[in-house]
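Q: Turn this into a model:
(one chain, ligands or ions: 4)
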Amino acid sequence: MDHEADAFRTDLMTITRFVLNEQSKYPESRGDFSILLSNIVLGCKFVCSAVNKAGLAKLIGLAGETNVQAKNDPFQPEPALTNYLTSLILHIHSPFISSHRCLFLFQGEEQKKLDVLSNEVFVKAMVSSGRTCILVSEEDEEAIIVEPSKRGKYCVVFDPLDGSSNIDCGVSIGTIFGIYMIKDGDEARLEDVLQPGKNMLAAGYCMYGSSCTLVLSTGSGVNGFTLDPSLGEFILTHPDIKIPKKGKIYSVNEGNAKNWDGPTAKFVEKCKFPTDGSPAKSLRYIGSMVADVHRTLLYGGVFLYPADKKSPNGKLRVLYEVFPMSFLMEQAGGQSFTGKERALDLVPKKIHERSPIFLGSYDDVEEIKALYAAEEKA
Ligand SMILES: O=C(COP(=O)(O)O)[C@@H](O)[C@H](O)[C@H](O)COP(=O)(O)O
Ligand SMILES: [Mg+2]
Ligand SMILES: [Mg+2]
Ligand SMILES: [Mg+2]
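A: Ligands and ions are numbered 1, 2, ... in the order given. From the prediction side, this is the model:
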């Protein structure tokens, strides 16, 4: 370690310092929101560490593919490695996870186990913050109403592990979250989370990729933090992110093209064969919403998961995928549209409701809106 160089890094803007700075702008604040955010950050660090270790376990499992058991389950790690990883993870994260879950994680089927594990981590991190009252997770059918003794005034909606089908090939995945406040006093009701996205107080995601990046908005711009593994701290690396007004990339699963509606098909056609003299756009599609949106935010362009004949409401879930990403896009100067309205104006009726979504650079989304408006007139 270069201690001399490290000595010059002590003025780094860590996420903790950043959140406390933000808190100081509200002298009446008692720090509840900062405590909630710090528990979200801890949850992200935990999932990041589990994602990294799951990859290691799979690698070992693949190497043993020749025995019969390994054929049935090619991801079975060595027992010694399982024990080692279990004790390691329990040592670091024992307040959040039971030994049963830990063993679960390293005994094959990592993909599903990581969904379950990440969910358990986030639920526990949120409840133990003492600042939440309702939690909605992709992995839980019903909303979780926090018991009165541990209750606070915030509602958190989250997708604990987004893009989980990408785990097996080590492609970027993430966690998405959004935060609301209960409408009145001490009563927590389902209506408190069935609010339009524009009522969110904060939203963000953490991407577990070549680096671990947390992107956060508390309603005054968007900031990105990168985890420094040697410090265990998220450092502000992308201050005040602004999405380019127009982009050169479109991002969509074109395998669904035969079922698209007119405006979606026309927009993608225009991306590939522009008629106004502009260059054709490049196609980039990872298949993890977090990663596709992250690239869109930094490079510009548009991410779309439209409705199609098979899925008239699209695929992505309103509360914990569409809303947080739309909130971030707008905060970064972009737009987000459902094909009918501004995404953040949508009022969900059910916690796992889905919606088509078009989000990204302002001008690109404007083009999509014009195509839908033209179709409505015709
Ligand atoms: O819906 C997603 C997966 O979420 P999930 O892992 O269920 O939390 C998004 O991350 C992806 O954008 C999406 O899965 C990609 O969908 P396809 O193009 O494969 O339909
Ligand atoms: Mg998801
Ligand atoms: Mg998920
Ligand atoms: Mg899922």
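
Q: Just confirm yes or no for stretch 289-297 near ligand 1.
A: Yes: using CB under 6 Å from any ligand atom, stretch 289-297 reaches ligand 1 at Met289. C-beta: built from backbone N, CA, C; applies to glycine.

Q: What average pLDDT does that stretch get?
A: For stretch 289-297, mean pLDDT is 98.

Q: And stretch 342-360, by the same measure?
A: Mean per-residue pLDDT for stretch 342-360: 98.

Q: That stretch near ligand 3 anywhere?
A: No: Stretch 342-360 does not reach ligand 3 (CB under 5 Å from the ion); its nearest approach is 11.5 Å.

Q: please begin residue numbering at 59 from this point
A: Right, with 59 as the first residue, what we last looked at is stretch 400-418.

Q: does that stretch come close to ligand 1?
A: No: using CB under 6 Å from any ligand atom, stretch 400-418 stays clear of ligand 1, with a minimum separation of 9.5 Å.

Q: Next, Ser394: secondary structure please.
A: Of the three states, Ser394 takes strand under DSSP: H, G, I helix; E, B strand; the rest coil.

Q: Now for the spatially closest residue to it that is not a sequence neighbour, how many residues are close by?
A: Leaving aside its sequence neighbours, Ser394 sits nearest to Ser384 (CB to CB, 6 or more residues apart in numbering; 3.5 Å). Using other CB atoms under 10 Å, Ser384 has 31 other residues around it.

Q: thought Ser384 was touching Leu402?
A: Yes: using CB atoms under 8 Å, Ser384 is in contact with Leu402, at 5.2 Å.

Q: Just the CA trace of stretch 332-349, in CSV.
A: Taking C-alpha atoms only, stretch 332-349 is exported to CSV below (Å, rounded to 0.1, in the frame of the first residue of the first chain):
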residue,chain,number,x,y,z
PRO,A,332,-32.4,8.0,-39.9
THR,A,333,-34.1,10.1,-42.6
ASP,A,334,-32.9,13.6,-41.3
GLY,A,335,-29.3,13.2,-42.2
SER,A,336,-28.2,12.3,-38.6
PRO,A,337,-25.9,9.3,-38.1
ALA,A,338,-27.5,5.9,-37.2
LYS,A,339,-27.5,5.1,-33.5
SER,A,340,-25.5,2.2,-32.1
LEU,A,341,-27.4,-0.6,-30.3
ARG,A,342,-26.2,-1.7,-26.8
TYR,A,343,-28.3,-4.1,-24.7
ILE,A,344,-26.9,-5.9,-21.6
GLY,A,345,-30.2,-7.3,-20.3
SER,A,346,-29.8,-5.9,-16.8
MET,A,347,-31.9,-2.8,-16.4
VAL,A,348,-29.4,-1.3,-13.9
ALA,A,349,-26.5,-1.7,-16.3
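
Q: do the helix or strand the residue nearest to Ser394 falls within and ligand 1 meet?
A: Remark: Ser384 resides in helix 381-389, with elements defined by DSSP states H and E. No: using CB under 6 Å from any ligand atom, helix 381-389 never reaches ligand 1; the gap is at least 10.1 Å.

Q: re the thing from before, distance of the residue nearest to Ser394 relative to ligand 3?
A: Distance, Ser384 to ligand 3, using CB to the ion, to the nearest Å: 17 Å.

Q: Ser186 now?
A: As judged by CB to the ion, Ser186 and ligand 3 stand 21 Å apart.
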